[in-house]
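**Q** Need the 3D shape of this:
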Amino acid sequence: MKFINRDQELQDLEKRWKSDKSELFIVYGKRRVGKTELLKQFIQKKHAVYFLADKRTMANQLKELARLMASAFSDPLIEKQGFGNWLDVFQYVQRNAEERFVLVVDEFPYLAEVDSATSSIFQKGWDEFLKEKNVMLVLLGSSIAMMESEILIQKAPLFGRRTGQLPLRPLTFFGSWQFFPEKKFKEFIQVYTITGGMPAYLLQMDTEHNVEENIKRHVFPKTEFLHNEIEFVLKEELREPKNYLAILQAIAWGKRKLSEIVNYTSFEKSLVNKYLHTLIQLQIVERELPLIEKNPQRSRKGLYRLCDNFFRFWFQYIFPYHSDLEIQRYDEVLRKFHESFNTLTATTYERVCREIVRTFEAGLFPFERVGKWWDKNEEIDLVALNSQTKDILFGECKWSEKQVGTNVFVALKKKARFVDWHKTSRKDHYILFSKSGFTPNMVELAKKDGILLVQEDTLIHEQ
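**A** Modelled structure (predicted):
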């Protein structure tokens, strides 16, 4: 298995390891984001025990943990005796860990499901046995809601005990590209449109095959991991997955306003709001606002979007075609794929451009925020600004076979006038992104007016 682009996270963990103080460290993030692999890399060549919790009885889980401790401490007796409870585990570590020791408990929320007193027991174990010991206790969790309720919010039993936390995010576009270094930009952005920055999904794609062959081999067949992944995730996280499926489908099919989602699903508005709040907590959905919105909480301009690429792909090409895929009738699904996948890739390219523009920040001005802007009639793909210097950058992202001409820049400049932000004192900058390059006239205009031009991810003309 490849392990790529988590250098900063490993450094953060190593810093805690070298602190020589007791550490209660929390790592949390979405399923498949790479938490387990990160910790396995971290504990290599260290005196450590990695324990994966599950939904078995606590007695069975403690029996497995006794076996792991017996191996780590060369103590066959503890495997025979076992542990009666988690306090016994912590007391055993206190007595036997003479050198720096790491205990990793993966999927901690499962323990809390099996026994609701788990967090309080861990609090007591930490206070009585470990907080003065040369020990690093790392708790991992995929259920973000459970990690918050048990550890991260102020009312949680372990809130005041943790010494640090690491929210693990999906990889960036460029971080993900390291899984496929031999692929050109146009090829990899298609892969990324499917997988996003989720390592587990990236690893399902074969580097030697194109994107169509990969989905035929690794997504369409009902026996494949990715085919059932979304339903599995929702069943693990939610009590009423059918209702959430309806809301997610609505968003995936372009119903992005709250009123549109309510009309599509026929659910009560209050119920939709409740479900959306949960989906936002799970980092599956986000509420997007125009970048310069002054009152985000009260704004009526909020639009909901699926922030997970694979969710978007799955709701376009798997969920509506279960019957066809069940009997391996792929032709109709591939027809839809060929018809609309470029549009999905164009949406991804817009988000990637926000990452690309950060690489040019040093030559422009420090960005406070980067995002998108729209009102009732106009929309700008990319806006970056700095309220201190009053610099603002406007950009358009074109994923098209046509070269971008001067008409695109003229239209962007016109739309920029509608952006109500320091109109009389700001300094405007412009950037154009294009899949297929720029017309000679556009290149000439860029030289004259100091416009940034970027083909795919490469700056071809700068201010």
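**Q** Using the three-state scheme, assign the residue lying farthest from the centre of the chain.
**A** Here the chain reaches farthest from its C-alpha mean at Leu77, the gap being 43.5 Å by Cα atoms, centre = their mean. Here Leu77 is helix, with the state taken from DSSP: H, G, I helix; E, B strand; the rest coil.
**Q** which residues touch it?
**A** Under the criterion of Cβ atoms under 8 Å, 6 or more residues apart in numbering, the neighbours of Leu77 are Ala70. Backbone N, C-alpha and C define where each C-beta goes, glycine included.
**Q** let's see 10 Å
**A** Ala66, Ala70 (Cβ atoms under 10 Å, 6 or more residues apart in numbering).
**Q** Please apply the same query to Leu13.
**A** 6, 23, 25, 27, 38-39, 41-43, 102, 136, 138, 164, 166.
**Q** and what of Ser266?
**A** Ala246, Val272.
**Q** Glu396 in helix, strand or coil?
**A** strand.
**Q** What of the one 4 residues further on?
**A** Secondary structure of Ser400, reduced to three states by three-state DSSP: coil.
**Q** Surely it is in contact with Phe438?
**A** No - applying Cβ atoms under 10 Å, one finds Ser400 not in contact with Phe438, separated by 11.7 Å.
**Q** who's more crowded, those two?
**A** Higher neighbour count among Ser400 and Phe438: Phe438, with 25 against 12, using other Cβ atoms under 10 Å.
**Q** Across the sheet, point out what pairs with the more buried one.
**A** Under the criterion DSSP bridges, Phe438 forms beta bridges with Val404.
**Q** Same question for the helix or strand hosting Ser259: list its buried residues.
**A** Counting by DSSP states H and E, the element that carries Ser259 is helix 258-265. Of the residues in helix 258-265, Leu258, Glu260, Ile261, Val262, Tyr264, Thr265 count as buried by neighbour count, 16 or more other Cβ atoms under 10 Å.
**Q** just stretch 322-339 next, same as before
**A** Leu325, Tyr330, Val333, Phe337.
**Q** and what of stretch 97-114?
**A** Those would be 97, 100-112, 114, for stretch 97-114 by 16+ other Cβ under 10 Å.
**Q** Kindly provide the distance from His429 to Lys414.
**A** 16 Å (Cβ to Cβ, to the nearest Å).
**Q** Compare the two (neighbour count), which wins?
**A** Remark: of His429 and Lys414, His429 carries more neighbours, 19 against 10, as counted by other Cβ under 10 Å.
**Q** what's the closest residue to the more buried one other than its chain neighbours in contact with, if anything?
**A** Spatially, and ignoring its direct neighbours in sequence, His429 is nearest to Leu393 (4.4 Å; Cβ to Cβ, 6 or more residues apart in numbering). Neighbour list for Leu393: 357, 360-361, 364-365, 367, 370, 382-386, 416, 427-431, 452 [criterion: Cβ under 10 Å, 6+ apart].
**Q** In helices, which of the residues you listed fall?
**A** Val357, Ala416 (DSSP state H).
**Q** Now which of the contacts of Leu393 would you call buried?
**A** Buried, going by 16+ other Cβ under 10 Å: 357, 360, 364-365, 367, 370, 382-386, 416, 429-431, 452, out of the contacts of Leu393.
**Q** Low-confidence bits of the protein, can you list those?
**A** Low-confidence segments of the chain, defined by pLDDT under 70: 1-2, 145, 149, 152, 154, 462-463.
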